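Visitor: curious how this folds, go ahead:
(one chain, ligands or ions: 2)
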Amino acid sequence: MYTFEFVRPADSATAVATAAQAKTAQQGADVRFVAGGTTLLDLMKLNVETPARVIDINRLPLDKIEATADGGLKIGATVRNSDLAHYPTVERDYAVLSQALLAGASAQLRNMATTAGNLLQRTRCVYFRDTAMPCNKREPGTGCPAITGANRVLAILGTSEHCIATNPSDMCIAMAALEATIHVQGANGARAIPIGDFHLLPGSTPNRETVLEPGDLVTHVTLPPPVAGSRQLYLKLRDRTSYEFALASSAVVITVAGGRVTRARVALGGIGTKPWRSPEAEAALVGQPIDQANFRNAAEAALRDAKPQSENAFKIELAKRCLTYALQLATA
Ligand SMILES: Cc1cc2nc3c(=O)[nH]c(=O)nc-3n(C[C@H](O)[C@H](O)[C@H](O)COP(=O)(O)OP(=O)(O)OC[C@H]3O[C@@H](n4cnc5c(N)ncnc54)[C@H](O)[C@@H]3O)c2cc1C
Ligand code: SF4
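Guide: Ligands and ions are numbered 1, 2, ... in the order given. Next up is the predicted model:
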């Protein structure tokens, strides 16, 4: 057992100043924020994460959901997943987000899990969570046993020869389709990051999962104003119907006029090393009639670059069917 210091700051400035002492932003960090703890505490118990200092951010004033001046929504970093899913504005105007949140984990976990924690949850790759095994994400340069090992649930898009781990979040897939922006407070001030730029592809540095710098605190997420008349849907396919991560999922925000698609935002989950927005599918949809053949065509475009691993070629067809059916349901 190792010991760590537990700090409970009352304001964001103190939290950021304390965290600025972190050495690295990812694995090996000597300082970690803790929100709901549903990812971090598990990983600490497994010795996968061993921070010397844990900063509890639950007393910071980051737990509000508010309308923004432009008609969008501001979601505090410590807003619980269940509170966000059931917030009336989210249920009405950002239904894909509500659906994605409710498709994740279990009711008890959603009551603890927070917006920022969900954004920063870590992969479920079994080797990452087992310190007896090598893993480039956990210990850079040690290798990736998943490439020749148990990779059924791992990624088929965005992989590299160094890591094929899937981003496990449902919430992030909906946020990608909604074009959310992540707001961060760091030692050098505040900045805003579009969600598409927030998570990194593994490349040769899979230990670096986001653009966060040491000590950066996610303060809130903003959503743009809802798109009038858009139809939204999150469809998640998994080995069992609850309390399970996605094998493939689709978030769709689509607008139709005169039987044709006028605007489409599409993101895929369970198959990418980061939340996978698909501009290819979006381009294939816009201007086309809302029929099965065009939906399938968009799904083919989304998966064109998919690279199966030894155990997960089935995900390519599964993801195509998932997106095709999601589009069908959303426009029905
Ligand atoms: C059994 C189980 C099943 C699950 N199933 C699903 C599922 O089906 N779908 C799904 O999407 N998720 C699932 N999850 C994951 C769950 O959604 C995440 O664990 C949760 O969202 C993390 O939120 P948290 O507040 O508990 O994060 P924490 O554990 O508190 O933190 C997670 C990470 O985020 C960092 N962090 C937290 N807040 C901030 C901040 N404000 N600024 C900077 N860094 C921060 C922490 O340092 C840590 O590295 C499951 C989890 C479990 C345990
Ligand atoms: S896929 Fe990534 S997380 Fe899994 S063993 Fe390989 S390097 Fe580690």
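
Visitor: how about stretch 255-272: buried residues?
Guide: 255-256, 261, 264-272 (16 or more other Cβ atoms under 10 Å). Any C-beta I mention is one placed from the backbone N, CA and C, and that applies to glycine too.

Visitor: list the contacts of the residue in the stretch 1-150 of the chain positioned nearest to ligand 1.
Guide: Using Cβ to the nearest ligand atom, the single residue of the stretch 1-150 of the chain nearest to ligand 1 is residue 117, 2.1 Å away. With contact taken as Cβ atoms under 8 Å, 6 or more residues apart in numbering, residue 117 is in contact with 35-40.

Visitor: which of the buried residues of stretch 255-272 fall within strands?
Guide: With strands taken from DSSP state E, the overlap with those comprises 255-256, 261, 264-269.

Visitor: in those residues, find the pair that's most separated.
Guide: The largest separation in these, counting by Cβ to Cβ, is between 256 and 269 at 23.2 Å.

Visitor: and the helices in the chain?
Guide: Using DSSP state H, the helices found in the chain span residues 12-19, 40-45, 81-85, 88-93, 95-102, 107-112, 115-119, 171-178, 195-198, 279-285, 292-302, 314-331.

Visitor: surely residue 330 touches residue 252?
Guide: Yes: judged on Cβ atoms under 8 Å, residue 330 makes contact with residue 252 at a distance of 4.8 Å.

Visitor: need the overlap of contacts for the two.
Guide: 231-233.

Visitor: from those residues, list the ones also adjacent to ligand 1.
Guide: Among those, no residue is within reach of ligand 1 (Cβ under 6 Å from any ligand atom).

Visitor: show me which residues of the stretch 1-150 of the chain sit near ligand 1.
Guide: 32-40, 42, 57, 77, 104-105, 109, 112-114, 116-118, 120-121.

Visitor: which of the residues you listed are buried?
Guide: For these, buried by 16+ other Cβ under 10 Å: 32-40, 57, 77, 104-105, 112-114, 116-118, 120-121.

Visitor: among those residues, which are in strands?
Guide: When these are checked against strands (DSSP E), the matches are 32-34.

Visitor: what would those residues look like in TSV with pLDDT?
Guide: As requested, those are arranged in TSV below (pLDDT from 0 to 100):
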residue	pLDDT
32	94
33	97
34	98
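
Visitor: between the residues you listed, which is nearest residue 163?
Guide: Nearest member of these to residue 163, counting by Cβ to Cβ, is residue 32, at 21.0 Å.

Visitor: quick revisit: ok, the contacts of residue 117 vs residue 323, which is closest?
Guide: residue 39 (27.3 Å).

Visitor: mind checking pLDDT for that closest one?
Guide: On pLDDT, residue 39 comes in at 98.

Visitor: is the residue lying closest to residue 176 once chain neighbours are set aside bridged to anything, and to what?
Guide: Nearest residue to residue 176, sequence neighbours excluded (Cβ to Cβ, 6 or more residues apart in numbering): residue 267, at 3.8 Å. For residue 267, the beta-bridge partners under DSSP bridges are residue 251, residue 277.

Visitor: so who does residue 267 touch?
Guide: Per Cβ under 8 Å, 6+ apart, neighbours of residue 267: 173-174, 176-177, 250-251, 275-278.

Visitor: burial count for the residue nearest to residue 292 when sequence neighbours are not counted?
Guide: Spatial nearest neighbour of residue 292, excluding adjacent residues (Cβ to Cβ, 6+ apart): residue 328 at 6.6 Å. Residue 328 has 17 neighbours, counted by other Cβ atoms under 10 Å.

Visitor: residue 213 against residue 186, yeah?
Guide: Yes: proximity of residue 213 to residue 186 meets the contact threshold set by Cβ under 8 Å, at 5.7 Å.

Visitor: just the contacts of residue 267 now: which is nearest residue 296?
Guide: Distance ranking of the contacts of residue 267 against residue 296, using Cβ to Cβ, places residue 250 first at 13.0 Å.

Visitor: distance-wise, check the closest one relative to ligand 1.
Guide: 14 Å (Cβ to the nearest ligand atom, to the nearest Å).

Visitor: does that residue touch residue 326 like I think?
Guide: Yes: the pair residue 250 / residue 326 is scored as a contact, 3.9 Å apart, by Cβ under 8 Å.
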